[in-house]
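Enquirer: Pasting the sequence and the predicted coordinates here, then a few questions.
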Amino acid sequence: MQHTRTQDTLVGLFVASGIAGLFFLSLQVSNLSSFSQHDGYMITARFENAGGLKVKSPVSAAGVKIGQVSNIHFDTKTYEAVVTMNIDPKYNTLPDDTTASIFTAGLLGEQYVNLEPGGSESYLKDKGKIDITQPAIILEKALGQFLFKSAEEKSE
Amino acid sequence: MINNLENLGKQTRSSFTKLGRGSFFLLQAVSGTLSVLPRPRLLLNQLYSVGVLSFLIITISGLFVGMVLGLQGYYTLSAFGAEESLGVMVATSLVRELGPVVSALLFAGRAGSALTAEIGLMKATEQLSGMEMMAVDPIKRIISPRLLAGLLAMPLLAGLFSAVGIIGGELVGSGLLGLDEGAYWSQMQAKLDFQDDIVNGMIKSIVFGFVTTWIALFEGYDAIPTSEGVSRATTRTVVNSAFSILGLDFILTALMFGEH
């Protein structure tokens, strides 16, 4: 009897530690605990150019992550990129004249949406739209313009 | 010429019949799992020999694999000035690939070979025939609990392997190489997705556990009942399991992570 009881305890210990490992993976390692997609509210912004923005790219305000990009599509009428963002419901006091711009984290880092709150008294609601946007800075384009300009200055 | 052709035909036929026997065996074993439920003691004993006894080798290997990944990753990433991404690298490679694959290979070596030898020896000493004489179905009594135990133990072991490995990478990264601990965890949490990475890794390990246990049990059950036959069956178990794990891993990876 003693033998089977220690065996039971060991099996219990094994199963418990295995489940603890799985819990550790899902809560500590992945993004499950931080923010889930389903309970946020949606806002959309139209950009001239979405650059390298991707679904699940972070949305931040003042450097703090407050949501993520949930959808990007191309508007065939206005030829703009329509970016849908999912914002954590904790942050429901964004003014409706908020500016959205696409920045790059670091020189080669991933792109993210930065929200700059304006001064309006009324807040953005679910399915709200951001009117003032600033497109992504395309490095090649900026570099091309810079080179073109310096060549022009030289020839003058 | 004719002899060669005859040999080829013979081999093809025997490998097909083996595949057929294996599938039929699996069918019987799976249908027998229901009769394990009223007798959890059978499952518990097997969970002990398959899971608990593999616990130590899995955790220690996981720790060392994670530590090596931390070291190698650090040297490679620091060439690009991206040491901060060490956590992402260690965790992604462990959760997606190394956790399920390496723990399945170790599982095949540690538990699979033992299963084959045990069942092969039962067959060689005519214990299985003896059971049939007593109207006890050896599939239900011997095989099904072991299959269920392998299926349950494998994802737990793979999860442990990955978790311990990630902690090992952190020990090396922040303890030995002076990397920022916060960056290790926060970058990891930002980049790893529950559905894409953790769940897919678990699915992989369940598939590997199933295939490895099936191969081990079938090779034992199908072994030639002599000491040499049992030893050959044990070798075949380890070799075939390794092949199936690595081959299936390629297929599963292509299916799961193909779109990204």
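Expert: Yep, it's here. As the structure is a prediction and not an experimental result, all values here were calculated from the model.
Enquirer: just the helices in the stretch 151-260 of chain B please.
Expert: Along the stretch 151-260 of chain B, the stretches classed as helices by DSSP state H, counting those that start in this stretch are B:181-191, B:200-222, B:227-257.
Enquirer: so how far is the first residue of stretch A:41-57 from its last?
Expert: 16 Å (C-alpha to C-alpha, to the nearest Å).
Enquirer: List the buried residues of it.
Expert: Within stretch A:41-57, the residues that qualify as buried by neighbour count (16 or more other C-beta atoms under 10 Å in any protein chain shown) are A:Y41, A:I43, A:A45, A:R46, A:F47, A:A50, A:G51, A:L53, A:S57. From N, CA and C alone the C-beta is placed, and that goes for glycine too.
Enquirer: Just list whatever residues bridge to the fourth one.
Expert: Right, the one you point to is A:R46. For A:R46, the beta-bridge assignment (DSSP bridges) gives partners A:V82.
Enquirer: circling back: got TSV for the buried residues of stretch A:41-57, with distance to B:W185 and pLDDT too?
Expert: Written out in TSV, the entries for these read as follows (distance: C-beta to C-beta, whole Å; pLDDT from 0 to 100):
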residue	distance to B:W185	pLDDT
A:Y41	28	86
A:I43	29	89
A:A45	31	89
A:R46	36	89
A:F47	32	87
A:A50	30	82
A:G51	28	79
A:L53	25	83
A:S57	20	81
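Enquirer: worst average pLDDT in the helices of the stretch 151-260 of chain B?
Expert: The weakest mean pLDDT among these belongs to helix B:181-191, with a mean of 82.
Enquirer: Just the CA coordinates for that helix, please, in PDB.
Expert: What follows is helix B:181-191 as a C-alpha-only set of coordinates in PDB (Å, rounded to 0.1, in the frame of the first residue of the first chain):
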ATOM      1  CA  GLU B 181      16.000  40.900 -17.300                       C
ATOM      2  CA  GLY B 182      13.100  43.100 -18.100                       C
ATOM      3  CA  ALA B 183      13.900  43.300 -21.700                       C
ATOM      4  CA  TYR B 184      14.200  39.500 -21.900                       C
ATOM      5  CA  TRP B 185      10.700  39.000 -20.600                       C
ATOM      6  CA  SER B 186       8.900  42.000 -22.100                       C
ATOM      7  CA  GLN B 187      10.100  41.500 -25.600                       C
ATOM      8  CA  MET B 188       9.200  37.800 -25.300                       C
ATOM      9  CA  GLN B 189       5.700  38.700 -24.100                       C
ATOM     10  CA  ALA B 190       5.200  41.200 -26.900                       C
ATOM     11  CA  LYS B 191       6.300  38.900 -29.700                       C
END
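Enquirer: ok, that helix near chain A or not?
Expert: Yes - if you take C-beta under 8 Å from any C-beta of the partner chain as the test, helix B:181-191 does meet chain A, through B:W185, B:M188, B:Q189, B:A190.
Enquirer: Please look at A:K56 and A:V69 and confirm they touch.
Expert: Yes - with contact defined as C-beta atoms under 8 Å, A:K56 and A:V69 form a contacting pair (6.4 Å).
Enquirer: who's in contact with the longest strand belonging to chain A?
Expert: Using DSSP state E, we find that the single longest strand of chain A is strand A:64-74. For strand A:64-74, the external contacting residues (C-beta atoms under 8 Å, 6 or more residues apart in numbering or on different chains) are A:35, A:37, A:40, A:42, A:50, A:53-60, A:80-88, A:90-91, A:113, A:115, B:190.
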